[in-house]
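S.K.: Kindly generate the corresponding structure for this input.
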Amino acid sequence: MSRLTKAQREQVRQMFDGRCAYCGEMLADRWHADHVEPVVRMLLTKRTAHGTYKLVSGDPIYPERDTFGNFMPACPPCNISKHSMTLEVWRGWLAGHVNSLNAYHPIYRLAKRYGLVQETGACVEFYFERITKATS
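M.R.: Predicted coordinates:
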């Protein structure tokens, strides 16, 4: 599958009533159609006209994942954060940030002390998982 048609993009957008499949925020005009199971593209080094080099996206390593059924609507922050991670790797990566904030960010610790931030210890549960559970 090379590109989604307008109709297919709209179908993906409406999967969760115009919300990001991951965080649940309403999608803005500019949103991403994310491959849930990443296709992971090879990075190639390309020489520019000025003699410098830049990395460019190449062919997918998992082209079999580039199917309509593998798309989810995503807000740009979620899709950029997820990048080429699987859902489980991304879930762990997101959860691990709380430890990082506590270890390396004194302003975060101070905000917690003043009650501005509360850590719940909750597992990362994506919006599409909550919705699926609610309708089952």
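S.K.: which stretches of this protein form helices?
M.R.: Using DSSP state H, the helices found in the chain span residues 6-13, 76-82, 87-104, 106-113, 127-135.
S.K.: mind listing what Ile61 touches?
M.R.: Counting by CB atoms under 8 Å, 6 or more residues apart in numbering, Ile61 makes contact with Val39, Val40, Arg41, Met42. Heads up, the C-betas are built off the backbone N, CA and C, glycines and all.
S.K.: Turn those residues into CSV, including neighbour count and pLDDT.
M.R.: As requested, these are arranged in CSV below (neighbours: other CB atoms under 10 Å; pLDDT from 0 to 100):
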residue, neighbour count, pLDDT
Val39, 17, 90
Val40, 15, 84
Arg41, 15, 83
Met42, 10, 81
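S.K.: any chance of those residues in CSV, with distance to Ser136 too?
M.R.: Below are these laid out as CSV (distance: CB to CB, whole Å):
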residue, distance to Ser136
Val39, 29
Val40, 31
Arg41, 34
Met42, 38
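S.K.: Many thanks, I have nothing further to ask.
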